[in-house]
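Student: give me a 3D structure for the following:
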Amino acid sequence: MKMTGRRWMTALGLMVMTAACATEDAPQSDEPTEEVIKIRRDRTPVTLFTPTELERTIDNLVGAINQSGLKPIQMVVLLKHLSTFFEPIATGANRAMGELEAVGNVLGPTTQMTTDDGMASQNLQNQQIANAIEDDAQGVGVSPYSVINEAAINEAVDKGLHVVTFDTDLKDSKRTLYVGAIQKEAGARAAHALLDPKIGNLPPPPGTVLVHGDTSSDWYDGVQRTEGVLEVLGQLGYTTPPIQAVFINDQEAYDVNQLKTAIETANPPVVGMIGVFNISYRCVMAAEAAGRLDIPIITFDFDPKTAEYMQKGRIKATVVQRQYYEGYLVPYILYGIQTFGLEQTKGLLGDLMYDDHRVNIGVDVVPSGDFDKYNDFLDQIGSIQ
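Tutor: Sure thing, here's the model as predicted:
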């Protein structure tokens with residue numbers, strides 16, 4: 001069954017008042033007057049962590065939309081999951097779709113899905129994209145798993161849907177735009193945080209910095225983030241052996257043990273660690289197991305375990321992706337492309353356009369001393385994980 005669009009409200013039986021310069025004899029119309037529906041957006045609180053450039057860009061989009069009033073649009077936003085890391089994305093997307101009065105849903109599995117081939121979640125996402133085509137949606141926002149979802153995205157574009165990726169990009173697909181952090185830049189930000197005398201205070205080389213990351217060829221974004229770290233530290237003369245992160249849930253002990261072994265066998269000795277994923281807190285577990293509480297550690301994301309270690313001072317800073325804003329911006333971009341066209345929408349996005357196909361929303365570097373302030377900001381925008 002296809003989803004139905006909303007009906008526009010009209011002001012029936014009302015006379016349109018003439019302008020002050022009109023005469024009393026001006027003809028009056030019996031035609032109903034269509035109400036111009038505008039976005040009424042709640043203001044985001046101004047704090048140390050409020051992304052002012054992002055907020056200004058959203059205001060530009062809202063202003064352009066309000067000039068002509070809202071028009072019906074049907075869209076769907078597809079997440080890898082509806083909890084933990086993706087919960088703030090769902091919050092932002094639902095809020096934006098409500099403001100736009102868009103027809104559609106924010107979808108994703110609520111529990112871990114597994115099959116013999118391990119492809120249940122990927123297959124579900126492909127089916128959800130196919131459903132969007134069948135339901136005559138005009139736009140799809142999707143956080144793809146891997147190249148496995150590329151064919152489904154390409155088919156949607158070929159059928160006339162606008163597709164915006166977020167969180168994870170598929171740069172070789174036909175997607176219209178990507179919204180999120182530029183991952184190589186994000187990795188570099190982590191490296192500079194470790195070097196910062198006020199944060200990581202990394203001693204000068206020689207020394208080993210273990211990088212818990214990804215060097216495979218399958219996950220472009222993960223590789224880019226890892227390379228951003230390696231490039232900055234390598235140029236300064238540090239030894240930077242990458243340790244391949246293991247994401248399988250029941251393999252945490254194995255992952256921690258490989259990090260522990262790397263700490264114990266490193267030559268020259270380990271002077272710092274950076275983990276570039278939401279499982280970065282494992283770096284702390286490994287350092288503690290190796291008896292190296294002196295190692296400064298920088299992590300990524302705001303996992304509850306990461307937050308716990310930050311409060312204890314074991315993590316010096318974490319690099320946080322702006323998940324709420326990823327989710328919030330995607331519906332507005334889909335609406336803009338459908339209503340104004342791609343090029344005008346890019347113009348409204350302004351300096352956020354990193355290149356012709358990527359919208360850079362940046363990251364937040366949160367020192368452990370600012371933990372409470374950042375947590376308060378997330379709470380104010382409804383983005384607590």
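Student: low-confidence bits of the stretch 101-250 of the chain, can you list those?
Tutor: 111-118 (pLDDT under 70).
Student: mind listing the strands for it?
Tutor: 103-107, 139-142, 162-166, 177-180, 208-213, 242-244 (DSSP state E, counting those that start in this stretch).
Student: Asn149 - how many residues pack around it?
Tutor: If you count neighbours by other C-beta atoms under 10 Å, Asn149 ends up with 23. Yep, even glycine has a C-beta here, placed from its N, CA and C like the rest.
Student: swap in Ala266?
Tutor: 17.
Student: go on, Val46?
Tutor: Val46 has 10 neighbouring residues, counting by other C-beta under 10 Å.
Student: what's the answer for Gly237, then?
Tutor: Using other C-beta under 10 Å, Gly237 is surrounded by 11 other residues.
Student: check contacts around it.
Tutor: When contacts are counted by C-beta atoms under 8 Å, 6 or more residues apart in numbering, Gly237 touches 205-206.
Student: how near is it to Glu227?
Tutor: Gly237 sits 17 Å away from Glu227, going by C-beta to C-beta, to the nearest Å.
Student: same check, this time on Phe277
Tutor: For Phe277 relative to Glu227 (C-beta to C-beta), the value is 14 Å.
Student: check Tyr145 too.
Tutor: Tyr145 is 21 Å from Glu227, where distance means C-beta to C-beta.
Student: out of the two, which sits in the more crowded spot?
Tutor: Remark: of Tyr145 and Glu227, Glu227 carries more neighbours, 21 against 18, as counted by other C-beta under 10 Å.
Student: what's the burial count for the residue lying closest to the more buried one once chain neighbours are set aside?
Tutor: Residue nearest to Glu227 in three dimensions, not counting chain neighbours: Lys184, with 6.0 Å by C-beta to C-beta, 6 or more residues apart in numbering. Summarising burial for Lys184: neighbours were counted as other C-beta under 10 Å, giving 17.
Student: separation between Lys184 and Gly228?
Tutor: Taken as C-beta to C-beta, the span from Lys184 to Gly228 is 4 Å.
Student: please apply the same query to Leu329.
Tutor: In terms of C-beta to C-beta, Leu329 sits 22 Å off from Gly228.
Student: same question for stretch 50-61, mean pLDDT?
Tutor: On average, the pLDDT along stretch 50-61 is 94.
Student: please apply the same query to stretch 251-263.
Tutor: Averaged across stretch 251-263, pLDDT comes to 97.
Student: span of stretch 213-223 from start to end?
Tutor: Using C-alpha to C-alpha, to the nearest Å, the end-to-end distance of stretch 213-223 comes out at 7 Å.
Student: hmm, who's touching it?
Tutor: 146-147, 168-171, 183, 187, 225-226, 229, 242-245, 274-277.
Student: list the buried residues for that stretch?
Tutor: By 16 or more other C-beta atoms under 10 Å, the buried positions in stretch 213-223 come out as 213-214, 219-223.
Student: and the gap between the nearest residue to Thr239 once chain neighbours are set aside and Gln128?
Tutor: In space, and not counting its chain neighbours, Thr239 is closest to Thr208: 4.4 Å by C-beta to C-beta, 6+ apart. For Thr208, the distance to Gln128 equals 44 Å [C-beta to C-beta].
Student: likewise for Val246?
Tutor: Taking C-beta to C-beta, one finds Val246 at 28 Å from Gln128.
Student: how about Leu236?
Tutor: Counting by C-beta to C-beta, the separation of Leu236 from Gln128 is 45 Å.
Student: the more surrounded of the two?
Tutor: Gln128 (19 against 13).
Student: excluding chain neighbours, what is closest to the more buried one?
Tutor: Leu78 (5.3 Å).
Student: wait, what's in contact with the one you found?
Tutor: Contact analysis of Leu78 by C-beta under 8 Å, 6+ apart lists 107-108, 125, 128-129, 140-143.
Student: need those residues in TSV (columns: distance to Pro203).
Tutor: Output for these, formatted as TSV (distance: C-beta to C-beta, whole Å):
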residue	distance to Pro203
Leu107	48
Gly108	43
Gln125	45
Gln128	49
Ile129	49
Val140	48
Gly141	44
Val142	43
Ser143	38
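Student: between the residues you listed, which is closest to Pro45?
Tutor: Here the nearest of the contacts of Leu78 to Pro45, counting by C-beta to C-beta, is Gly141; it sits at 25.4 Å.
Student: residue boundaries of the strands in the stretch 251-385 of the chain?
Tutor: Along the stretch 251-385 of the chain, the segments classed as strands by DSSP E, counting those that start in this stretch run 270-275, 297-300, 317-321, 358-360, 363-367.
Student: so which of the ones you listed comes closest to Thr44?
Tutor: strand 363-367 (14.1 Å).
Student: thinking again about what came up before, so what's the residue nearest to Gln128 bridging to?
Tutor: Leu107, Val142 (DSSP bridges).
Student: how about Gly180?
Tutor: Bridge pairing for Gly180 - DSSP bridges - gives Asn360.
Student: surely it and Ile361 touch.
Tutor: Yes. Applying C-beta atoms under 8 Å, one finds Gly180 in contact with Ile361, separated by 6.2 Å.
Student: the two: which has the busier surroundings?
Tutor: Gly180 (27 against 22).
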